[in-house]
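Participant: any chance you can model this:
(chains A and B)
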Amino acid sequence: MTRQPRAAPLNGWASRGRITAPIEEFIVKALVAAELEIRKLRHDPIQLFTRAVQPVLWLTIFGQVFTQVRGIPTGNLSYIDFMTPGILAQSVLFMSIFTGLVVIWEKDLGILHKLMVSPAPKSALVLGKAIGAGVRSLSQLVIIYIVAVLMGVELNWNPLAVLGVVTVVMLGAMLFSTFSLIVACWAQTHERVMGVGQLMMMPLFFASNAIYPIQVMPKWLQVVSQLNPLTYMVDALRNLMLVEPAGTYSLGMSLGILGAVAAGLIALCGHLYPRLVR
Amino acid sequence: MAMIDLYKLTKRFGTQSAVESFSLIVERGEVFGLLGPNGAGKSTLIKMLTTLLPSSGGRATIAGYDIGRQPREVQRRIGYVPQALSVDGTLTGYENLLILAKLYGVPRRQRLDRIHAVLNYVGLDSVANRLVNTYSGGMIRRLEVAQATLHHPPVLFLDEPTVGLDPVARKTMWDLILQLRHDYQTTVFLTTHFMEEAEVLCDRIAMLYDGQQVAMGTVAALKATVPHPEATMDDVFIHYTRNPLTIDHQGSYRDTSTTRRTAQRLG
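Facilitator: Model prediction:
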């Protein structure tokens, strides 16, 4: 180790003076926090594929049976085409909603303390974790695309559309994982985060347009599902994934809602995050 | 220059006081020890000084920066080894340091040299590319010190740095702490339960009891205050922290479980 001359600006971090410096720092630090998550994933990639079983079962069993039954009005669209974006959104939701468990584990270990005493903005740490959850969720995207092809779902392979799907999956994962982190800040224990995750998972899924259109729901449930971010995630995916775009809302509106909710949650979570290490 | 300057620093949780009016000045290059029974407020004090916990009163500056008003400046100038493990077992030693170097904004061209220099310093360069969950307890603690000193902080906080280590690993840690002080004039603020550790390492010691500072001074000065001709540090500790009403009722379930868990992981 070489000693730092005392008069030198401390390790080159002397304030850069530019107006954009805080934004730059925020983005760089968030990407570093995301890199941390991705490196962990690289050392243990198997966990990605153990999560694939559930969506595959939904598509192959539930999907095939309901396609035969034709009990759910999906217009010109076959039911399996209709539900595939819904199952992708569902598996992203189910995977992300337990992100809070990981952060409680890191808190108990002490890893979180080390990150929290670093001069990185707390919301950048949250954003990094959310991006990590997004990257994790991309494994679900790959698996569901493979199953969907095998089942004859008419997918849109336009590169821009696929890029759009990746964006929506990332945004959705970021949104629900940050929600889970907020729960963790408040709940502080594994048991409570697990409980809240379980409690939220099914209502979010069923009170959405994932496996049936909103129109068939009773009025009150329609209202609930219009307040549910998962609805907009599914809708955006229906616009992007299928050869015949089948969304109800415009893509811009869905993306706008997802982006705004995710940004709001990340800002809120950045504010609450220090509570985890007090 | 005073690297740690505390004036009537106080932390209350509701009406309960965890640290009450703690005042202290620690000079550059000094190794300062904080002793006290479990639950005396040691961890609360260290959390305030490392900016993890806001204070309820008084004032504190680290390396000239106020912990409440300039937390980012303080964070850039401190290293912290918490009592619990702060390295990620699922990454290699090198990766743990790389992420931290980036978070602290060590410039890209200096990064690699810094990481290798610090790994070399703590004697872990040969195992840098092994996953940390294959390290021994002593190696993990040394990696944590590497991590905490990567950005050359003038002040280092160590919360029970040798808990759970065998005597050899403990001695290695002591040497490392003294080496840091010798080479870089690092100011070290540590908490410990081992009286021998306090005697070997610390220039001065403060005793904390029930959130209050009950004694402060050099080892020799503290021993002289005990009415006992050949007093050991154990005698000093018991003298200042013994209260027949509260003895053995200190420390929460959480403290105990954290200490045990850390000891188990390192052991």
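Participant: need phi/psi at the residue of chain A found nearest chain B.
Facilitator: With Cβ to the nearest Cβ as the measure, A:G110 is the residue of chain A nearest to chain B, at 2.9 Å. Placement of C-beta: from N, CA and C, glycine included. Main-chain torsions, A:G110, degrees, to the nearest 10: phi 110, psi -10.
Participant: residues contacting it?
Facilitator: Residues in contact with A:G110 (Cβ atoms under 8 Å, 6 or more residues apart in numbering or on different chains) are B:82-86, B:262.
Participant: which of those count as buried?
Facilitator: For the contacts of A:G110, burial is judged from neighbour counts taken by 16 or more other Cβ atoms under 10 Å in any protein chain shown, and it is met by B:82-86, B:262.
Participant: return only those of those residues found close to chain A.
Facilitator: When the buried ones among the contacts of A:G110 are checked against chain A using Cβ under 8 Å from any Cβ of the partner chain, the ones in range are B:82-86, B:262.
Participant: quick check, nearest of the residues you listed to chain A?
Facilitator: Chain A lies nearest to B:A84 out of these, by Cβ to the nearest Cβ, at 2.9 Å.
Participant: which stretches of the chain form helices?
Facilitator: The chain I'm using is chain A. With helices called from DSSP state H, chain A shows them at A:21-43, A:46-50, A:53-57, A:64-69, A:79-96, A:99-109, A:111-116, A:122-150, A:159-187, A:190-206, A:219-227, A:229-241, A:251-272.
Participant: switch to chain B, that's the one I care about
Facilitator: Taking DSSP H as the test, the helices found in chain B are B:42-49, B:71-77, B:93-103, B:108-121, B:137-149, B:167-184, B:195-201, B:219-224, B:233-241, B:253-266.
Participant: any idea how far B:V31 is from B:V188?
Facilitator: As judged by Cβ to Cβ, to the nearest Å, B:V31 and B:V188 stand 4 Å apart.
Participant: got any residues that touch both of those two?
Facilitator: Each of B:177, B:181, B:201 lies in contact with both B:V31 and B:V188 under the rule Cβ under 8 Å, 6+ apart.
Participant: give me the below-cutoff pLDDT ranges for chain B.
Facilitator: Applying pLDDT under 70 to chain B picks out residues B:243-256, B:265, B:267.
Participant: tell me which two of the ones next to chain A among the buried ones among the contacts of A:G110 sit farthest apart.
Facilitator: Based on Cβ to Cβ, the longest span within these runs between B:S86 and B:T262 and measures 10.3 Å.
Participant: contact partners for A:R18?
Facilitator: A:R18 neighbours (Cβ under 8 Å, 6+ apart): A:E24.
Participant: name the nearest residue to A:E37, sequence neighbours excluded.
Facilitator: Spatially, and ignoring its direct neighbours in sequence, A:E37 is nearest to A:G132 (2.5 Å; Cβ to Cβ, 6 or more residues apart in numbering or on different chains).
Participant: re earlier: let me know the closest of the buried ones among the contacts of A:G110 to A:I27.
Facilitator: Proximity of these to A:I27 (Cβ to Cβ) peaks at B:S86, which lies at 25.0 Å.
Participant: next one: phi and psi at the closest one?
Facilitator: Recorded main-chain torsions at B:S86 are phi -120, psi 10, according to degrees, to the nearest 10.
Participant: right, and it touches A:I111 too?
Facilitator: Yes. Between B:S86 and A:I111 there is a contact under Cβ atoms under 8 Å: 5.8 Å.
Participant: for chain A, which spans come out with low pLDDT?
Facilitator: Across chain A, residues meeting the criterion (pLDDT under 70) sit at A:1-17.
Participant: which residue lies nearest the spatial centre of it?
Facilitator: Taking Cα atoms, centre = their mean as the criterion, A:A173 is the residue nearest the geometric centre of chain A, at 0.3 Å.
Participant: hang on, isn't that one packed against A:S139?
Facilitator: No. Under the criterion of Cβ under 8 Å, A:A173 is not in contact with A:S139, lying 10.8 Å apart.
Participant: chain A contacts on the stretch 51-200 of chain B?
Facilitator: The stretch 51-200 of chain B has residues B:51-53, B:72, B:75-78, B:80, B:82-88, B:90-91, B:95, B:99-100, B:102-107, B:110, B:114, B:117-118, B:121, B:131, B:147-149, B:151-152, B:183-184 near chain A, with proximity defined as Cβ under 8 Å from any Cβ.
Participant: filter those residues down to the buried ones, ChimeraX style.
Facilitator: Here is the ChimeraX command that selects the buried residues among these (16+ other Cβ under 10 Å):
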select /B:51,52,53,75,76,77,78,80,82,83,84,85,86,87,88,90,91,95,99,100,102,103,104,105,106,114,118,121,131,147,148,149,151,152,184
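Participant: one step back: for A:Q222, state which of the contacts of A:G110 is nearest.
Facilitator: Taking Cβ to Cβ as the measure, A:Q222 lies nearest B:A84 of those, at 47.9 Å.
Participant: show the contacting residues for the closest one.
Facilitator: B:A84 neighbours (Cβ under 8 Å, 6+ apart): A:108-110, A:113, B:258, B:261-262.
Participant: that older thread, relative to A:L163, which of the contacts of A:G110 is nearest.
Facilitator: Lowest distance from A:L163 to these (Cβ to Cβ) belongs to B:S86, with 38.0 Å.
Participant: grab the nearest non-local neighbour of that closest one.
Facilitator: Once chain neighbours are set aside, the closest to B:S86 by Cβ to Cβ, 6+ apart is A:K114, at 3.9 Å.
Participant: any idea how many residues pack against the one you found?
Facilitator: 27 (other Cβ atoms under 10 Å in any protein chain shown).
Participant: residue contacts, it?
Facilitator: By Cβ under 8 Å, 6+ apart, the contact list for A:K114 reads B:80, B:82, B:86-87, B:100, B:147-148.
Participant: contact partners for the residue nearest to the centre of chain A?
Facilitator: Residues touching A:A173, when contacts are defined by Cβ under 8 Å, 6+ apart, comprise A:92, A:95-96, A:130, A:133-134, A:136-137.
Participant: B:T92 touches B:N133, doesn't it?
Facilitator: No. Using Cβ under 8 Å, B:T92 is not in contact with B:N133; the gap is 10.0 Å.
Participant: that's all I had, so thanks and see you.
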